[in-house]
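In: Take this sequence and fold it.
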Amino acid sequence: MARIEPSTEAEEHRDAHWQREETRRVETAFDAERFVERTGFASCLTDARRPGASLYVAVCGRRDAVMPRNVQKDPEASHTWGLKDEVVRRGNVYYGKLTGARTTFIARRMIPCFHALWGMRRADEARRLSRTAQRILHVLRREWEMATSDLREDAGVKDRAAFTRALDELQAAMLVIPSEVYYLPKFTYVWSLAVGRFPDELRRRVRRDAALRDIARAFLTGAGMTVPGELARVTGLSRPAAGLGNRALVAEGFATSPSRGVYVLANFKRADDEG
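Out: The predicted model follows:
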């Protein structure tokens, strides 16, 4: 089967909504927060080779932005990294590694939706989390926030790789987030309980079907159209789950489906004109 690509009109729609244009470049932390609030969710450092809204691409302000091999010497990659640090520090949008270790920004309004799909109930922690992750979580629930080295020492985790894997587990379950980053006297993150920074959003309950629909809505609003497998690839959802979300948009008249796996905004032209 031939691979379906987004139409020219959809790519132009994405240029506007995902700020892949020179005149819409993200330059400040405030710009970055507005970008995340507008898109609903966005990756941090993905480039033109992956679909979806990306802070790095928005900083570059061009559709074909590709991350260079030597990112340390690239001014756009460095600027994106600096903006990420400032956005994390400000705490107005959610940031963490979700499924598949994707570093993702999430607008406040979308946090309950992501939590409904990837969050973990306290009753399930003993069964689903590794022992190392449980020890780290126990320390943070006592201290609320700690720098990496202190957290590792208090949790009694000697193996650095095991500690990193456990932190990735806790971020993927939306239990722990980075809340600050320091570079002097040495580079370190400060880790916090996610519920400490976003208590209302993480305690609000959303049904799974509603969460799938609203995540699909946020993506389609910015994408204009989505092709088979695209929503799953961007979010880490399974393709059946992504399909449920997209079909819910068709059922309510928000989208149309001209062919299998393809979904288009019902008011595509109008939305594109407003972009």
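In: how about the residue lying closest to residue 239 once chain neighbours are set aside, secondary structure?
Out: Counting by C-beta to C-beta, 6 or more residues apart in numbering, residue 239 lies nearest to residue 232, which is 4.6 Å off, once chain neighbours are set aside. C-betas here are computed from N, CA, C, even on glycine. At residue 232 the chain is in helix, as set by DSSP: H, G, I helix; E, B strand; the rest coil.
In: Pull the number of nearby residues for residue 232.
Out: By other C-beta atoms under 10 Å, 17 other residues sit near residue 232.
In: Is it correct that it is in contact with residue 242?
Out: Yes - with contact defined as C-beta atoms under 8 Å, residue 232 counts as touching residue 242 (4.2 Å).
In: Quick check: neighbours shared by these two?
Out: Common neighbours of residue 232 and residue 242, using C-beta atoms under 8 Å, 6 or more residues apart in numbering, do not exist here.
In: quick one: contacts for the residue nearest to residue 239?
Out: 238-239, 241-242.
In: Check those residues for burial and list the buried ones.
Out: Neighbour-count burial (16 or more other C-beta atoms under 10 Å) applied to the contacts of residue 232 gives 241-242.
In: For residue 10, see how far away residue 228 is.
Out: 14 Å (C-beta to C-beta, to the nearest Å).
In: Tell me the pLDDT of residue 142.
Out: Residue 142 carries a pLDDT value of 95.
In: and it, what helix or strand is that in?
Out: Using DSSP states H and E, residue 142 sits within helix 131-143.
In: which neighbours does the very next helix or strand once past that helix have in its sheet, and in what orientation?
Out: Where DSSP H and E defines the elements, the next helix or strand beyond helix 131-143 is strand 145-147. Here strand 145-147 has these sheet partners by DSSP bridges: strand 188-193 (antiparallel).
In: Name the nearest residue to the most centrally placed residue in the chain, sequence neighbours excluded.
Out: Of all residues in the chain, the one closest to the mean position by C-alpha atoms, centre = their mean is residue 104, 2.4 Å from it. Excluding the flanking residues, the one nearest residue 104 by C-beta to C-beta, 6+ apart is residue 98, at 5.0 Å.
In: so what's the one you found up against?
Out: By C-beta under 8 Å, 6+ apart, the contact set of residue 98 is 104, 114, 118, 171-172, 174, 236.
In: From those residues, which one has the minimum pLDDT?
Out: Of all the contacts of residue 98, residue 236 carries the smallest pLDDT score, 92.
In: from memory that residue sits against residue 99, does it?
Out: Yes - counting by C-beta under 8 Å, residue 99 is a contact partner of residue 236 at 3.7 Å.
In: Residues touching the strand or helix carrying residue 245, excluding its own?
Out: If you go by DSSP H and E, residue 245 is part of helix 239-251. Here helix 239-251 makes contact (C-beta under 8 Å, 6+ apart) with 117, 209, 212-217, 220, 226, 229, 231-232, 235, 237, 255-257, 261, 263.
In: and after it, which helix or strand comes next?
Out: strand 255-259.
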